[in-house]
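> mind looking at a prediction? Sequence and model below.
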Amino acid sequence: LLAGVAEQLDAPLGSEERVDVDAALAEIKSPDAKEITFRAAVAMASVDGHCTEAEHALLLKVRDALAPDDELELEAMEKRWSVRMRKTRAQIDRASDAFLDQVASNKAALTKEQYEKMVLDLDRKKIELLKTAVDDE
């Protein structure tokens, strides 16, 4: 999901080092960038189909930093994303099952190159499904 959001925002993925969330949020100035950032944060928090209490608390912090007038209805967005991501996860699970079925049925005949291509194709399909979920917002 991060790769899809980064591509949508035309922003490179950073390193895995910790980020000062307050400082990063303070750098976001344009209204469009604020809205996109908040929506992407909700999407990422909901990628597994639900938003934990800790994720919800962080989203409240992000929302308050980006939209202090409370325009963005967090709970409604979380619910929509939860439903959307459960559907997307189900699509990803079906794609993964199809991949495993294909591997099992061709196990003896698959070359290393064919298998690696299948893995890359599955990764691309998963990213495309996640991008579609993000783009549909």
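Received, thanks. None of the values given here were measured: they were computed from a predicted structure. Numbering: from 1, shown residues only.

> which one's the longest helix in this protein?
helix 74-105 (DSSP state H).

> any idea of the mean pLDDT for that helix?
Mean per-residue pLDDT for helix 74-105: 88.

> after that helix comes which helix or strand?
helix 112-135 (DSSP states H and E).

> packing partners of the longest helix of the chain?
In terms of contacts (3 or more C-beta pairs under 8 Å, 6 or more residues apart in numbering; DSSP states H and E), helix 74-105 is packed against helix 31-45, helix 53-66, helix 112-135. (C-beta placed from N, C-alpha, C; glycine too.)

> which positions within the last one qualify as buried?
Right, helix 112-135. 122, 125-127, 129-131, 133-134 (16 or more other C-beta atoms under 10 Å).

> so which of these is the closest to V42?
V42 has its nearest neighbour among the buried residues of helix 112-135 in V134, at 10.3 Å by C-beta to C-beta.

> hmm, back to that, dump the helices and strands packed on helix 74-105 to JSON lines, plus mean pLDDT and distance to Q91.
Formatted as JSON lines, the helices and strands packed on helix 74-105 follow (pLDDT from 0 to 100; distance: least, C-beta to C-beta, whole Å):
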{"stretch": "helix 31-45", "mean pLDDT": "83", "distance to Q91": "15"}
{"stretch": "helix 53-66", "mean pLDDT": "88", "distance to Q91": "22"}
{"stretch": "helix 112-135", "mean pLDDT": "89", "distance to Q91": "5"}
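
> including distance to A90, could those helices go into CSV?
Shown next, in CSV, are those (distance: least, C-beta to C-beta, whole Å):
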stretch, distance to A90
helix 31-45, 16
helix 53-66, 21
helix 112-135, 10
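
> looking at those, which is closest to A23?
Taking C-beta to C-beta, helix 53-66 is the member of the helices and strands packed on helix 74-105 nearest to A23, at 10.4 Å.
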